[in-house]
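*Asks:* With the sequence up front, the predicted model follows.
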Amino acid sequence: MPLLEVDHVDVFYGDFQAISGVSLSLAAGKVLALIGANGAGKTTLLRAVTGLLAPRAGRIRFDGGDVTGLPAEALARRGIAMVPEGRMLFPSLTVQENLQMGTLTRRRGAWTLDAVYDVFPALKDLRQRNAMQLSGGQQQMVAIGRALLGNPRLLICDELSLGLAPLVVEEIYRTFERIRGADLSIVLVEQDVARARAVSDQVTCLLKGQVTLQGASQAIELSQVTAAYFGE
Ligand SMILES: Nc1ncnc2c1ncn2[C@@H]1O[C@H](COP(=O)(O)OP(=O)(O)OP(=O)(O)O)[C@@H](O)[C@H]1O
């Protein structure tokens, strides 16, 4: 049974339909990349999966249960964590305090502060620093570590690479190999199509709120993804 199943979901903002009939399925331990141009509906889909927006039609199933329309808080308790676009750290707290905020909705599991410092050793030396004194890449690591400390089953990452240098982005995505496992699936939004394909097991491409391409990352040609992205 898939960990996450989005089944013909429609989401509206008032009268405006932002996504229509979107379906996808993600197994435990797998990484799915969501691809699409500005306004394609990626963030809206993430909002539906995290419970920030309720679908007007369709179902969302997670970890064996129907979670359609459940609020974000209930989904966090069931194991869905979000690394939001822009990181959203607490500016007046230290690195360690920001990480500890992630334990507030903690489930049982293997992620501890030490485990996070093990994956991101740079953060250990910086743990007493104020979060705003860190570089963008280090802040992104804090945001990921904070999410992991809740011991999620599904980690959702919205545009991790925004504003970061390519080498830093590479370093962060390399940690995914250690983060993912039989117990953790990842959904990520990534504007760099080649990178999205490289770091994922499967891709879903959205255009104007609809799925234009879906499949195993290695089975799909880059040219197909590009065509689906622009609607050619
Ligand atoms: N709060 C909102 N109220 C009304 N319309 C919205 C709202 N948020 C997004 N939209 C609209 O919904 C559509 C999908 O937007 P969404 O932010 O999901 O796209 P996206 O693929 O995440 O794009 P981006 O890469 O720019 O973040 C767009 O047409 C957008 O203008």
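*Replies:* Received, thanks.
*Asks:* Would you map the strands across the protein?
*Replies:* 4-13, 16-26, 31-35, 57-62, 65-66, 80-83, 154-158, 185-189, 202-207, 210-216 (DSSP state E).
*Asks:* could the ones you listed be laid out in CSV, adding mean neighbour count?
*Replies:* Just so you know, the C-beta spots here come from the backbone N, C-alpha and C atoms, and that holds for glycine as well. Formatted as CSV, these follow (neighbours: other CB atoms under 10 Å):
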stretch, mean neighbour count
strand 4-13, 18
strand 16-26, 18
strand 31-35, 25
strand 57-62, 18
strand 65-66, 11
strand 80-83, 25
strand 154-158, 24
strand 185-189, 24
strand 202-207, 24
strand 210-216, 16
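*Asks:* Just the buried residues of stretch 135-143, please?
*Replies:* Within stretch 135-143, the residues that count as buried by 16 or more other CB atoms under 10 Å are 137-143.
*Asks:* residue contacts, residue 224?
*Replies:* The contact partners of residue 224, taken as CB atoms under 8 Å, 6 or more residues apart in numbering, are residue 213.
*Asks:* ugh, typo on my part, it should be residue 65
*Replies:* residue 78.
*Asks:* if I look at it, how far off is residue 59?
*Replies:* Distance from residue 65 to residue 59, counting by CB to CB, to the nearest Å: 11 Å.
*Asks:* Residue 30: what's its closest spatial neighbour, skipping adjacent residues?
*Replies:* Nearest residue to residue 30 in three dimensions, chain neighbours excluded: residue 201, at 4.5 Å (CB to CB, 6 or more residues apart in numbering).
*Asks:* Neighbours of the closest residue to residue 137 other than its chain neighbours, how many?
*Replies:* Nearest non-adjacent residue to residue 137, counting by CB to CB, 6+ apart: residue 168, 3.6 Å away. Residue 168 is flanked by 18 other residues according to other CB atoms under 10 Å.
*Asks:* could you measure residue 168 against residue 35, distance?
*Replies:* 21 Å.
*Asks:* what's the answer for residue 19, then?
*Replies:* 14 Å.
*Asks:* pLDDT score assigned to residue 40?
*Replies:* Note on residue 40: pLDDT of 95.
*Asks:* My guess is it contacts residue 204. True?
*Replies:* No - under the criterion of CB atoms under 8 Å, residue 40 is not in contact with residue 204, lying 10.6 Å apart.
*Asks:* so the residue most central in space within the chain bridges to which residues?
*Replies:* Centroid-nearest residue in the chain: residue 156, 1.9 Å away (criterion: CA atoms, centre = their mean). Residue 156 has these beta-bridge partners by DSSP bridges: residue 82, residue 187.
*Asks:* Provide a list of residues in contact with it.
*Replies:* If a contact means CB under 8 Å, 6+ apart, then residue 156 has 46, 49-50, 80-83, 186-188 as its contacts.
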